[in-house]
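Novice: Mind folding the following:
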Amino acid sequence: MQKTLQKYAKASSLQFNIKKIDEKIVLGTKSESQGLLKYQNNKIYILQNGDKKVEVFYFGKNLTLVEYPDADFNAAGKRKVTILKNTSSPLVKSLLNLFSDTAGFNKQMTVISEKTVDGVLSVELSSKAENMKNLALKINVKDLNLMELSFVDDVETKTTLQFEKLKLGAKIKKSEFQYKPLKTDEVLIQ
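Specialist: Purely as a prediction, here's the structure:
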């Protein structure tokens, strides 16, 4: 696991195709989306295409969530934009530490178990963060690439990100991490 953390921390940027699965344990519901994740210098961009299109921007300690209208019911509807100042979600915080701050990741997490089966290292960790109960990683031992990250948050939602097609060091414009407002956006700032 440490070699993967170091590999990612040394990279100038990371880009993955992702599959995101959210399971609301208490409600018994599940949603899936496909998309893209980009990381560079403590900035994150996530695009999800599922039931709805969603973009997540983390730039300068601000987290911006852009939810697009449902194309089947209201294609001309307004985007709903939530801007959270000076904050980050459990997912964003975990990704920031995982991709750039090996020491910070190790400080926040305690390894519960590690096992390798069929070339995949599975690591179970406990988190010191109040809003995250546990975290699990799956790493390809051959190329040291992260295959999957999953965690359960404080409201009993299990989030799983499956990673594919890693691009290390790709040139990513700073503007790709910045929310671009439209005049029609419904914006909520918290």
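
Novice: Please count neighbours and contacts with C-alpha atoms only from this point.
Specialist: Noted.

Novice: Give me the helix or strand of this structure that scores worst on average pLDDT.
Specialist: Sorting the helices and strands of the chain by mean pLDDT, DSSP states H and E puts helix 71-74 at the bottom, at a mean of 69.

Novice: Parallel or antiparallel, which strands does the next helix or strand after it pair with?
Specialist: Next helix or strand after helix 71-74 toward the C-terminus (DSSP states H and E): strand 80-84. Paired neighbours of strand 80-84 in the sheet (DSSP bridges): strand 62-67 (antiparallel), strand 186-189 (parallel).

Novice: quick one: buried residues of the last one?
Specialist: Read that as strand 186-189. residue 187 (16 or more other CA atoms under 10 Å).

Novice: which other residues reach it?
Specialist: 78, 79, 80, 81, 82, 83, 84, 85 (CA atoms under 8 Å, 6 or more residues apart in numbering).

Novice: At which residues are the strands of the protein located?
Specialist: Applying DSSP state E to the chain gives strands spanning 14-24, 29-40, 43-49, 53-59, 62-67, 80-84, 109-117, 120-127, 132-140, 146-153, 157-168, 186-189.

Novice: now the fifth one: mean pLDDT?
Specialist: Along strand 62-67, the predicted confidence averages to a pLDDT of 93.
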